[in-house]
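In: could you work out the structure for the sequence below:
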Amino acid sequence: MKLIVMGQQAFGKDVLAKLLDTGTDEVVAVYCEPDREGKPIDPIKELALEKGLPVYQPAHFNDQADLDQLASFDADLMVMAFVNVFVPEAARDLPKMGSICFHPSLLPLHRGPSAVNWPIIMGSKKSGYSWFYPTDGLDEGDVLLTWECEIGPDDTVIDLYFKKIYPSAVDSVLKVCDLFRSGNPPHIEQDESLATYERRCTKKHAKIDWNKPVAQVYNLIRGTNPAPGSWTTLNGDEVQVYDSSRVPGDGISSKVIDISEDGVTVQCIGGRVLVKRVKPVGGAKVSATEWANEIGLKAGDLIGS
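Out: Numbering: from 1, shown residues only. Below is the predicted model of the structure:
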């Protein structure tokens, strides 16, 4: 088959590399986001140029010239691997078999741009990814295939996405192509009654409230690690919280219970969080113990105010 690969960043690059290394299908063009001033070249663009592939970077597909260019490749399928640019139907339908898109959740759950963060924050026990036929609706359209994995009780975004979803998803592009090559790829309708949509997880969602149940606090910390990074305050100064663990114990919520070589233990409702790694504003990531010693934090202090 003749493929157009559209994508960004490391995932787009690795999907492209997988297709090129396998060599079963011919990649005729690569599409990615426009270059951004002051930012390094996108990894997928870098690989495409290295392999001598034509690269196109339209900011949108409103111009007929961009549609004509895409049509000129006479592709069988467009593989959309991590795409931030809106691709309208007029562009998606140009390849003979249309387009297929990747999303890191079990659709119709967690439609939206932060689909890896929210399942952890919400305390879900499972996640995964989907390849689906994109429409003009956000992460809507029939599903081609899904893959499911467990969310462990201590999994962070790094664990869930980079260690579980990412490697399987890159490999799965070969199965995606095989399903289209078979001539009868599955179309599984999304159940709208189960659909959820979560907005982009940003700093405002990542503020820690130590007066919440410990499960909610711990899920927020690990569901925003490494990005956008949960955060709290001490005497008006912000500090981001990264690596942590959940430990038992009762007491007054938001109080620092202990400072040890393992980190800073903070009381929540029904349990405690051992903070191990932090990042003060304007500084680098350091151990929570080092941070506590530098600012004179002590047991009994209240954090989050």
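
In: how about stretch 219-235: buried residues?
Out: Across stretch 219-235, burial judged by 16 or more other C-beta atoms under 10 Å covers 219-225, 228-232, 234. Any C-beta I mention is one placed from the backbone N, CA and C, and that applies to glycine too.

In: what residues sit buried inside stretch 174-189?
Out: The neighbour-count criterion (16+ other C-beta under 10 Å) identifies 174, 176-177, 179-180, 185 as the buried residues of stretch 174-189.

In: OK, contacts around the residue found closest to residue 98 once you drop the neighbours it is linked to in the chain?
Out: Spatially, and ignoring its direct neighbours in sequence, residue 98 is nearest to residue 92 (6.2 Å; C-beta to C-beta, 6 or more residues apart in numbering). Residue 92 makes contacts with 78, 98-99, 134, as judged by C-beta atoms under 8 Å, 6 or more residues apart in numbering.

In: can you pull the pLDDT of residue 92?
Out: At residue 92, the pLDDT value in this model is 97.

In: residue 127 now?
Out: The model reports residue 127 with a pLDDT of 98.

In: surely it is in contact with residue 103?
Out: No. In this structure, residue 127 is not within contact of residue 103 by C-beta atoms under 8 Å, at 11.2 Å.

In: ranges for the helices of the protein?
Out: In the chain, the helices defined using DSSP state H lie at 9-22, 43-50, 64-71, 89-92, 117-121, 157, 166-181, 214-223, 288-295.

In: format those as TSV; extra columns: distance to residue 276.
Out: Formatted as TSV, those follow (distance: least, C-beta to C-beta, whole Å):
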stretch	distance to residue 276
helix 9-22	26
helix 43-50	30
helix 64-71	48
helix 89-92	45
helix 117-121	17
helix 157	16
helix 166-181	24
helix 214-223	10
helix 288-295	6
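
In: got the domain ranges for the protein?
Out: 2-194, 203-295 (automatic domain parsing).

In: now the end-to-end length of the shortest one.
Out: Looking back up the chat, that one is domain 203-295. For domain 203-295, the first-to-last residue distance is 23 Å (C-alpha to C-alpha, to the nearest Å).

In: over to stretch 98-118?
Out: Using C-alpha to C-alpha, the end-to-end distance of stretch 98-118 comes to 30 Å.

In: what's the pLDDT at the most centrally placed residue in the chain?
Out: The residue lying closest to the centre of the chain (C-alpha atoms, centre = their mean) is residue 116, at 4.8 Å. We have a pLDDT of 97 for residue 116.

In: what does residue 85 give?
Out: Reported pLDDT for residue 85: 88.

In: could you report the neighbour count for the residue nearest to it when sequence neighbours are not counted?
Out: Leaving out its chain neighbours, the residue that sits closest to residue 85 by C-beta to C-beta, 6+ apart is residue 33, at 6.0 Å. Residue neighbour count, defined by other C-beta atoms under 10 Å, stands at 20 for residue 33.

In: over to residue 95?
Out: Neighbourhood size, residue 95 [other C-beta under 10 Å]: 24.

In: contacts only, for the closest residue to it other than its chain neighbours.
Out: Take residue 95 and drop its neighbours on the chain: the residue closest to it by C-beta to C-beta, 6+ apart is residue 75, 4.2 Å away. Contacts for residue 75 (C-beta under 8 Å, 6+ apart) come out as 2-4, 28-29, 94-96.
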